[in-house]
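J.: turn this into a structure:
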Amino acid sequence: MRKYWLTAAIPVAAVAATLALSIPGASATSTTLSAKTTMTNRDDSAANTAGNTNGGNWAKDNFTRGSSIVFKGAASASNCGSTSPCYSYTGKVSDVGTFTVDTGQPSPGFGDLNGGTDPTMAVPLKGALKGSQTYAFFTTVPISGASASNVPASNAGDTYNSGEWPELYFPAGTEFWDSGGNDQGTLNPAGGGYLGTGSFTYTYTAAPGHDADCKNVSSQWVDASSDNSGSDPAGGNILAPDAAHC
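T.: Take a look at the predicted model:
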């Protein structure tokens, strides 16, 4: 989820004002901007791609994404490729919704079923997802130049990866640098940029009864930066066995 995700849509978003700033050319400007986006039919990437025939994806997601950016103030020009002025930001996305597995694909993690090899996901199991990702980045655009109305209210598909989501608040052509001062370029609809060294945690859960063939099977997978992006066996797995593999 966190890796890939939008096409243009009606820009409707909520703006959260917190604290007035004093920066050149701006007054009474909020330090925080917030928006919500309805995400549909979003591909979800797996940690386990062995035998995967779907480009590394294991599920389709439908969820609501809350996002925000926080203006932290002026920063050294060295963080913006020696360009001045330079400004520091943090950001966050929080997602809540559902996933439906892509049948025929391997399970996304490396946890097993009853101590055995992960079976191919054989039924269109649907479960719950919840997670968040944080960011730290720099740009030459002050908060007065950003707007929550730039963030689309809805999205179908995979355009713009989650690693660059806060860039949507800024005008087209804005250049970004990550938390280490590395140039990440401008917003790329095909993805590829990553804003900083923030953390992410996504939890996927399928309770007993969600597998139509194996009513007693339940599963959970935690895909997090703290567990090698969901590749640790201790992170569990999402399992969707058919009746022959319960």
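J.: list the buried residues of stretch 93-108.
T.: 93, 94, 95, 97, 99, 100, 101, 102, 105, 106, 107, 108 (16 or more other Cβ atoms under 10 Å). In this view, the C-beta of every residue, glycine as well, is placed from N, C-alpha and C.
J.: now do the contacts for the fourth one.
T.: Residue 97 is in contact with 39, 61, 62, 63, 64, 128, 129, counting by Cβ atoms under 8 Å, 6 or more residues apart in numbering.
J.: ok, now how distant is it from residue 160?
T.: 17 Å (Cβ to Cβ, to the nearest Å).
J.: quick one: residues contacting residue 215.
T.: 208, 209.
J.: give me the buried entries from the contacts of residue 97.
T.: 39, 61, 62, 63, 128, 129.
J.: where are the low-confidence patches of this protein?
T.: 1-30, 114-115, 117-118 (pLDDT under 70).
J.: contacting residues for residue 75?
T.: Contacts of residue 75 (Cβ under 8 Å, 6+ apart): 86, 87, 88, 138.
J.: next structured bit after the top strand by length along the chain?
T.: What stands out as the longest strand in the chain, according to DSSP state E, is strand 57-75. Per DSSP states H and E, the first helix or strand lying C-terminal to strand 57-75 is strand 86-101.
J.: report the angle between that following strand and strand 57-75.
T.: Following axes from the mean of the first three to the mean of the last three Cα atoms, to 10 degrees, one obtains 170 degrees for the angle between strand 86-101 and strand 57-75.
J.: partner strands of strand 86-101, with direction?
T.: Take DSSP bridges as the rule and strand 86-101 pairs in its sheet with strand 57-75 (antiparallel), strand 126-139 (antiparallel).
J.: now do the strands in the chain.
T.: Using DSSP E, strands in the chain cover 22-23, 26-27, 32-45, 57-75, 86-101, 126-139, 154-156, 176-178, 183-185, 200-206, 219-224, 236-237.
J.: any chance of these in CSV, plus distance to residue 164?
T.: Below are the strands of the chain laid out as CSV (distance: least, Cβ to Cβ, whole Å):
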stretch, distance to residue 164
strand 22-23, 24
strand 26-27, 25
strand 32-45, 14
strand 57-75, 11
strand 86-101, 10
strand 126-139, 9
strand 154-156, 14
strand 176-178, 8
strand 183-185, 7
strand 200-206, 13
strand 219-224, 18
strand 236-237, 28
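J.: so which of the ones you listed comes closest to residue 147?
T.: strand 32-45 (7.0 Å; Cβ to Cβ).
J.: quick one: distance of the closest one to the chain centre.
T.: Relative to its chain's centre, strand 32-45 lies at 8 Å (Cα atoms, centre = their mean, to the nearest Å).
J.: so it versus strand 200-206, what angle?
T.: Going by the same axes, to 10 degrees, strand 32-45 makes 50 degrees with strand 200-206.
J.: name the helices or strands packed onto strand 32-45?
T.: Contact analysis of strand 32-45 by 3 or more Cβ pairs under 8 Å, 6 or more residues apart in numbering; DSSP states H and E lists strand 57-75, strand 86-101, strand 154-156 as its packing neighbours.
J.: ok, residue 68 touching residue 92?
T.: Yes. Judged on Cβ atoms under 8 Å, residue 68 makes contact with residue 92 at a distance of 5.5 Å.
J.: compare the two (neighbour count), which wins?
T.: residue 68 (20 against 17; other Cβ atoms under 10 Å).
J.: for the more buried one, give me its contacts.
T.: Contacts of residue 68 (Cβ under 8 Å, 6+ apart): 16, 32, 33, 34, 35, 91, 92.
J.: so residue 237 bridges to which residues?
T.: Counting by DSSP bridges, the residues bridging with residue 237 are residue 220.
J.: what sits against it?
T.: Counted by Cβ under 8 Å, 6+ apart, residue 237 has contacts 107, 108, 109, 110, 111, 112, 113, 118, 219, 221.
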